[in-house]
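**Q** Sequence and predicted structure below; questions after.
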Amino acid sequence: MGSRQHLDGLARSARSLQDTVGELHAALTAGNERRAGYARDRLADQARAALGESGEYGFEPPRPGSHAPEPDPDDLLAEAVRDLALSQALISAAAGLGEAGASGDGGGTSDGGGDTDGSGGADAESGRLRMAGDSLGRLATALKPPDHFGFEAAASASPDLPTAIATLRQEAAACLDRIHERSAGVAGAALTKIPGVSTITTTVQEILDRFGVGALTGTLTKLAARALHKALTALHRLIPMEALDRVNTAVSQLADGLDKDKAAGPLLMSALLGAEGVRSALDERLSRDALDRARLDGARAELAELGDRFGKHMDMIAIAITVSTSLVAWLATPLAAGAVAALLLGVVLVLAADYADAWSLPVAVRGVRTVVEDATA
């Protein structure tokens, strides 16, 4: 399945899950326990379908001797966020059954026995379900395809070469600005909403242990743990091993800077991405002789699409931060919160560096530097 078809399928999955969560919320609000039970059963069936019938968590590294292609990064990120939102929905649906909160201090109930003895518990469950439904709806919207396809360079051809050079320089600068601004904002949100940062070398199983999911025994919460494991595995795979040390250093620097000054995020992202160096290199390329106007126009259109695509990625990670905040509040310890925050920050840094061509990384996309260099070769 191609990336667009896969993303469309994830959008439909998110919307269908949102509908089921909405039906469960309506049933509980009306006091219709039978209807709520049907909705919970349907949510469990949807979760099993989303997680697959193989019993694996999905997106595992290839087995020795296998030649399975690496999953598309767009698919990997989108499915990870869908699975985080699925985990949030399952935990929300389980709260009234006494399944959620079994891990103790961070759990969704005060005594681990369910929210069955007071209106406060019902209100809390209702709020959780609304949040879960909102996360799924936001994800479905973020996965919506753009209104146009292709670069459509011919429709906006420059009248002359100097104009083509100037507009490409402007578009490259705008794309770098967007990468910097969106990554800085999302990175800051990860730290302020999920405090306590560790390193991204923390394994998936260690994070799950810190969440205490091993103590969760209900059907819905077991499915939630599977979805969480699958999501965290996919997020880990978005960070190349070759970049692990650099990303860990960057995460630590960003965390230290935000501890001292909450406005330090943009400054630190500028330093970490080296955007000014990229700008200087692009200016030098655009000062060459004998450039081709049509190729410059094509690059300009490609950069506009690249910036939009990066914005979609940051939208999805922002959703992941919101979902993770909820999961941490209901289940986890500060150590788990720090591990998830570091992982999400690492993904932000890798994506930003890849789109800007700021670091030497395994190439997942044609970044800003590559697009301009190809157009000016």
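**A** Now that the structure is in, tell me what you want to look at.
**Q** Span of stretch 250-269 from start to end?
**A** 9 Å (CA to CA, to the nearest Å).
**Q** Toward the C-terminus from the one helix or strand residue 9 maps to, list the very next helix or strand.
**A** Using DSSP states H and E, residue 9 sits within helix 3-29. Heading C-terminal from helix 3-29, the first helix or strand you meet, by DSSP H and E, is helix 33-51.
**Q** Residue 237 and residue 76 touch, don't they?
**A** Yes - contact criterion CB atoms under 8 Å: residue 237 and residue 76 qualify, at 6.2 Å. Every C-beta, even on glycine, is put in place using the N, C-alpha and C of the backbone.
**Q** And the helix holding residue 9, what's buried?
**A** Neighbour counts over helix 3-29 (16 or more other CB atoms under 10 Å) mark 6-7, 9-11, 13-14, 16-25, 27-28 as buried.
**Q** Show the low-confidence segments of the stretch 201-350 of the chain, by residue range.
**A** 214-216, 258-265, 267-268, 332, 334 (pLDDT under 70).
**Q** hey, where'd the helices end up in it?
**A** Remark: helices assigned in the stretch 201-350 of the chain by DSSP state H, counting those that start in this stretch are 204-211, 219-237, 244-260, 264-273, 275-286, 293-331, 334-356.
**Q** and the gap between residue 13 and residue 317?
**A** 19 Å (CB to CB, to the nearest Å).
**Q** Spit out the contact partners of the closest residue to residue 372 other than its chain neighbours.
**A** Leaving aside its chain neighbours, residue 372 sits nearest to residue 282 (4.9 Å; criterion: CB to CB, 6 or more residues apart in numbering). Contacts here follow CB atoms under 8 Å, 6 or more residues apart in numbering; on that basis residue 282 touches 169, 172, 368, 369, 372.
**Q** hmm, try it at 7 Å
**A** Taking CB atoms under 7 Å, 6 or more residues apart in numbering, we find residue 282 in contact with 172, 369, 372.
**Q** Touching, the first one and residue 302? I think so.
**A** No - under the criterion of CB atoms under 7 Å, residue 172 makes no contact with residue 302, lying 10.5 Å away.
**Q** Spell out which residues sit in contact with the closest residue to residue 48 other than its chain neighbours, please.
**A** Spatial nearest neighbour of residue 48, excluding adjacent residues (CB to CB, 6+ apart): residue 223 at 7.0 Å. The contact partners of residue 223, by CB under 7 Å, 6+ apart, come to 44, 47, 48, 90.
**Q** Next: residue 355.
**A** 179, 306, 310, 365, 367, 368.
**Q** So the fourth one, which state does it fall into?
**A** This points to residue 365. Here residue 365 is recorded as coil under DSSP: H, G, I helix; E, B strand; the rest coil.
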